[in-house]
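# Sequence unavailable; structure follows:
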């Protein structure tokens, strides 16, 4: 009986100790303080797309811009797992990026690494395809043209890599006899652009 009473008193003492230290849980068990970050882009256009991507280019967040002007929004980026991320604002002919790092719920923006680059522009007039891109960093532009018609099924009919210039340009002249559907695929600065058209 004395042994049972002694063990009961030890259990009561242990529970009393836990209760007296109940407010001293480790930091992860406490309610986390919200760490909001304002993300701002100037001179945005209605219809532009804002995406948040990880280092593997996986889209985490996507939003269509509804108003032109300055875009500013609060995000709690500390909820993201530790790693490298970036916001990307895609406008008509240009893309702006804002990279940042999350380390143990701390968010650090890399302002010096913000970048801006221009998308390729495609114009089609009759059998001519005009392709141009402003490449301030002289990054290459890879072009692939696929044809679907006259018994050909999505066949690669033209491929070229333009590089070593600030202004990259190419004019493709298509045959009047090759009626059908075309797909122009362009790769630049880690992005893929597709333009579909018919003759």
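Sure, I can see it. Remember, predicted model here, so these are calculated numbers, not experimental data.
# OK, contacts around residue 180?
Remark: with contacts taken as CB atoms under 8 Å, 6 or more residues apart in numbering, residue 180 is in contact with 147, 148, 149, 150, 152, 198, 199. (C-beta placed from N, C-alpha, C; glycine too.)
# Just the buried ones from those residues?
The neighbour-count criterion (16 or more other CB atoms under 10 Å) marks 147, 199 among the contacts of residue 180 as buried.
# Secondary structure element for the residue most central in space within the chain, which one?
Relative to the mean C-alpha position of the chain, the nearest C-alpha, by CA atoms, centre = their mean, is the one of residue 53, at 3.5 Å. Secondary structure assigned from DSSP states H and E places residue 53 in strand 49-54.
# Tell me the strands beside that strand, with direction?
According to DSSP bridges, strand 49-54 has the following sheet partners: strand 59-64 (antiparallel), strand 83-90 (antiparallel).
# Can you get me the start-to-end distance on stretch 144-157?
Distance across stretch 144-157, first residue to last, is 8 Å (CA to CA, to the nearest Å).
# quick one: contacts of that stretch?
129, 158-159, 172, 177-187.
# Got the phi and psi for residue 111?
Geometry field for residue 111 lists phi and psi as phi -60, psi -40, criterion degrees, to the nearest 10.
# what about it, neighbour count?
Neighbourhood size, residue 111 [other CB atoms under 10 Å]: 9.
# Under the pLDDT cut-off, which ranges of this structure? List them.
By pLDDT under 70, the weakly predicted segments of the chain are 1-34.
# Surely residue 91 touches residue 48?
Yes - between residue 91 and residue 48 there is a contact at 4.7 Å, judged by CB atoms under 8 Å.
# hmm, back to that, so which residues make contact with the strand holding residue 53?
If you take CB under 8 Å, 6+ apart as the criterion, strand 49-54 is touched by 41, 59-65, 71, 75, 83-90.
# re the thing from before, show me which pair in the contacts of residue 180 is furthest apart.
The most widely separated members of those are 152 and 198, with 14.0 Å between them, by CB to CB.
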